[in-house]
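> below is the sequence, then the predicted model.
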Amino acid sequence: MNKMRRVGVLMGGMSAERDVSLRTGEGVARALEERGHDVVRISFGPATRGVDELVRAAKIDVAFLALHGKGGEDGCIQGLLELMGVPYTGSSVLASALAMDKLKAKELFRLHNVPTPPYYVASRSDLDDLEELHGSFGFPVIVKPRAEGSSVGVTKACNLSELQAGIATALEHDDSALVERFVTAMEVHVGVLDGRVLGAIEVVPKSGLYDYHAKYTPGMTEYVTPPRLPSVRARGVMNLAERAVRALGVTGACRVDLLVTAGENEYVLEVNTLPGMTPTSLLPKIAQGAGIDYGSLCEVILEGAKLHAGLPVARRKSKDASAPAHVSALPLSAIKRAAAG
Ligand SMILES: Nc1ncnc2c1ncn2[C@@H]1O[C@H](COP(=O)(O)OP(=O)(O)O)[C@@H](O)[C@H]1O
Ligand SMILES: [Mg+2]
């Protein structure tokens, strides 16, 4: 691994997941520093003017994206870095945008025969005649903003008035809301690295719904690795996660959220292209189960940083491009072997 490069850890951002991003960023920056990387923290927020100037001033060779949600996970920052010629971690502009937009992601899942819960889309004008739009869709349903994360604005509705309130809540975060059939199921999150499954974790929220509170309040959710599934079923779930990732063209390290029913059905909810990476987040937990510690995971993600668009952009020279590459404590090949498991 080349430790001569200056790594900018981009964190904060302007989305509802800003706080999580700051924790992800600090965790990643510390881990990379501990492993001898030249790290600069690039923190920005809703009041920041000129993110490009901030990045330029930091004179970085590569960007580690510790951002989540709108502006950071949806292709925007990725587009900026493409134009600046700064390689970045995670997915391309297109794959990031597709995965962030739950409606477009579901359309692609359907096209690629990746099962996802039935749904419809509602916007503000639909609130006047919800009964007709909802028709025979039935209850309960889950209502969520079309493009958010961390369960922000996600609610469960069991009747029309709850549905009305749920859609209004989701619309506080987005112009349209997704109304999805509620699936009673085990929740499994699968970690994927460069298209190959790293492992999986079963998520058991005490309240029954893995909402923001359940995600970020210690003790509110139980995590079980590996998930309590028969091996054939577990393999099927992992295979489905890989197919979901392929359907969207997602690269790098990501996390796929799935529901696994007691019957025979499995559904993909979403693919997170920049999943939470605090030391206690799910992807690091999954990686730990595969024998990859937090620092090694950060390094392997960094190693995958690249430009995707093939633009003819003049790139800033590395401090010493001719210097020999330093090898990390756990070489990439060993990590890839562990991932292939
Ligand atoms: N169709 C559904 N049926 C049951 N639970 C769901 C459904 N959709 C979402 N959930 C619950 O809500 C959580 C958040 O939904 P998700 O689609 O993953 O959005 P986010 O991007 O906010 O994480 C899920 O982890 C799951 O617990
Ligand atoms: Mg999710």
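Okay, I see it. Ligands and ions are numbered 1, 2, ... in the order given.

> buried sites along stretch 83-90?
84, 86-90 (16 or more other C-beta atoms under 10 Å). To be clear about C-beta, it is placed using only N, CA and C from the backbone, and glycine gets the same treatment.

> meant to ask about stretch 122-141
By neighbour count on 16+ other C-beta under 10 Å, the buried set for stretch 122-141 is 122, 126, 130, 133-134, 141.

> show me which of those is closest to ligand 1.
Nearest to ligand 1, judged by C-beta to the nearest ligand atom, of these is V141 at 7.7 Å.

> check contacts around the closest one.
For V141, the contacting residues are 156-157, 163, 166, 179-182, by C-beta atoms under 8 Å, 6 or more residues apart in numbering.

> give the closest residue to G85 in space, chain neighbours not counted.
V313 (3.6 Å; C-beta to C-beta, 6 or more residues apart in numbering).

> do I have it right that that neighbour meets L81?
No - if you go by C-beta atoms under 8 Å, V313 and L81 don't touch, sitting 9.9 Å apart.

> which residues do the two both contact?
Common neighbours of V313 and L81 (C-beta under 8 Å, 6+ apart) are L307.

> of those two, who's got more company?
L81 (27 against 14; other C-beta atoms under 10 Å).

> picking up where we left off before, which of the buried residues of stretch 83-90 fall within helices?
Residues of the buried residues of stretch 83-90 located in helices (DSSP state H): M84.

> what does this structure put close to ligand 1?
For the chain, the residues in contact with ligand 1 (C-beta under 6 Å from any ligand atom) are 117, 142, 144, 148-151, 154, 180-183, 187, 209-210, 257, 259, 269-270.

> give me the buried subset of these.
117, 142, 144, 148-151, 154, 180, 182-183, 187, 210, 257, 259, 269-270.

> so R243 sits against H112, correct?
Yes - between R243 and H112 there is a contact at 6.6 Å, judged by C-beta under 8 Å.

> which SS class is the one residue in the stretch 151-300 of the chain that gets nearest to ligand 1?
In the stretch 151-300 of the chain, the residue that lies nearest ligand 1 is Y210 (3.2 Å; C-beta to the nearest ligand atom). Following DSSP: H, G, I helix; E, B strand; the rest coil, Y210 is assigned to coil.

> tell me the contacts of it?
Under the criterion of C-beta under 8 Å, 6+ apart, the neighbours of Y210 are 151, 187, 203, 221.

> over to L32?
Contacts of L32 (C-beta under 8 Å, 6+ apart): 7, 9, 39, 64, 295, 298-299, 302.

> redo the residues you listed as CSV? Include pLDDT.
Shown next, in CSV, are the contacts of L32 (pLDDT from 0 to 100):
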residue, pLDDT
V7, 98
V9, 98
V39, 98
F64, 98
G295, 98
C298, 98
E299, 98
L302, 98
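
> would you mind splitting the protein into its domains for me?
6-90+305-329, 98-115+184-272, 119-181 (automatic domain parsing).

> can I get these in a markdown table with distance to A290?
Shown next, in a markdown table, are those (distance: least, C-beta to C-beta, whole Å):
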| stretch | distance to A290 |
| --- | --- |
| domain 6-90+305-329 | 16 |
| domain 98-115+184-272 | 5 |
| domain 119-181 | 24 |
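
> okay, stretch 106-118 in PDB with CA atoms only?
Below are the C-alpha coordinates for stretch 106-118, written out as PDB (Å, rounded to 0.1, in the frame of the first residue of the first chain):
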ATOM      1  CA  LYS A 106     -36.100  -0.900  -7.000                       C
ATOM      2  CA  GLU A 107     -36.900  -0.500 -10.700                       C
ATOM      3  CA  LEU A 108     -33.500  -2.000 -11.500                       C
ATOM      4  CA  PHE A 109     -33.900  -4.800  -8.900                       C
ATOM      5  CA  ARG A 110     -37.200  -5.700 -10.700                       C
ATOM      6  CA  LEU A 111     -35.500  -5.600 -14.100                       C
ATOM      7  CA  HIS A 112     -32.800  -7.900 -12.800                       C
ATOM      8  CA  ASN A 113     -35.100 -10.300 -11.000                       C
ATOM      9  CA  VAL A 114     -33.900  -9.200  -7.500                       C
ATOM     10  CA  PRO A 115     -36.900  -9.500  -5.300                       C
ATOM     11  CA  THR A 116     -37.900  -6.300  -3.400                       C
ATOM     12  CA  PRO A 117     -41.100  -5.600  -1.400                       C
ATOM     13  CA  PRO A 118     -44.100  -4.300  -3.500                       C
END
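
> cool, thanks, talk later.
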